[in-house]
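S.K.: this is the structure alone, sequence omitted:
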């Protein structure tokens, strides 16, 4: 591969990574909390996968999760946002590369190593620490890192809301967050989330978000080559009483739809995919079922893209990143 081609490939990969991260974080915004029993090993595994797929290869990821972690009562999308925010901050603190470590263990409220600020309201917690080997935070800034709009990054690299949002989510989960840092050596953010105690499981159902229409069991086909996006979209749609089929490329979607076309109400299709792109996928699906409702999504909006949507007889177009509420509202309108 020539130098120009290699540079272009790296640039495309970086753009895809940026779009993916923005989309995953957007899914968690603007929704009330819906808490359910959650295995933190699954959350860390999902975050690790996204980090490995989208962060520069010079950043190494190390995971140490103890086997005896109890479940926590938490909102998956919000907790996922918490750890993605911390990992993105760690990445930005290591422009030349470095290490991100995520460790999790169970800990009793009377443990001798608990921070002095800790005023536990539960007998047991899950402790998750995210550590980087980056530039560190100056001592004079440590007390301000969770303040809204405070940032040590340039104006073009952040709003200063990431850690403030993280703090708010952790507090809403009756948890604690602590930061320790040394300039030139790195930073550790440690989060404590209450473990589910016996008798708490009955309260773990979690309510649906007010004001957002629910489905009635309609079958939706979600097509995107990023498995993190399809998994998150599936989780959100199923919570709102839709049934979901997932495909990771256009050919897979066409095969699934051929067998289930009489059941599928709508398809949500990414425009940029390998094997069979979004345009070809939509044409194939509409040929099989002209009445199929289609929502096209893309993180690479061009001037002629909306015209392309009209030519394809698409019912709606969502530019990435879009949040869960926008997805749900758009789907509801399309199905009316």
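M.R.: Yep, that arrived. This is a predicted model, so every value here is computed, not measured.
S.K.: so where is the stretch 1-150 of the chain shaky, pLDDT-wise?
M.R.: Scanning the stretch 1-150 of the chain for pLDDT under 70 picks out 1-34, 111-120, 149-150.
S.K.: give the contact list for residue 91.
M.R.: For residue 91, the residues meeting the contact criterion (Cβ atoms under 8 Å, 6 or more residues apart in numbering) are 51, 55-56, 59, 100, 132. Where you see a C-beta, it was placed from the backbone N, CA and C, and this is true even at glycine.
S.K.: any idea which of these is closest to residue 106?
M.R.: For the contacts of residue 91, the minimum distance to residue 106 (Cβ to Cβ) is 21.9 Å, reached by residue 100.
S.K.: list the helices and strands the longest strand along the chain packs on?
M.R.: If each strand of the chain is counted by residues according to DSSP state E, the longest one is strand 98-108. Strand 98-108 is packed against helix 40-54, strand 59-65, helix 76-92, strand 124-132, with contacts defined by 3 or more Cβ pairs under 8 Å, 6 or more residues apart in numbering; DSSP states H and E.
S.K.: helices or strands up against the shortest one?
M.R.: Strand 59-65 is packed against helix 40-54, strand 98-108, with contacts defined by 3+ Cβ pairs under 8 Å, 6+ apart.
S.K.: residue 273: which of these is closest?
M.R.: Evaluated over those, closeness to residue 273 peaks at helix 40-54, with 15.3 Å, by Cβ to Cβ.
S.K.: what's the angle from that closest one to helix 76-92?
M.R.: Angle of helix 40-54 versus helix 76-92, following axes from the mean of the first three to the mean of the last three Cα atoms, to 10 degrees, is 40 degrees.
S.K.: and helix 40-54, what's buried?
M.R.: Within helix 40-54, the residues that qualify as buried are 40-41, 43-44, 46-48, 50-51, 54, counting by 16 or more other Cβ atoms under 10 Å.
S.K.: and for stretch 86-96?
M.R.: Across stretch 86-96, burial judged by 16+ other Cβ under 10 Å covers 86-94.
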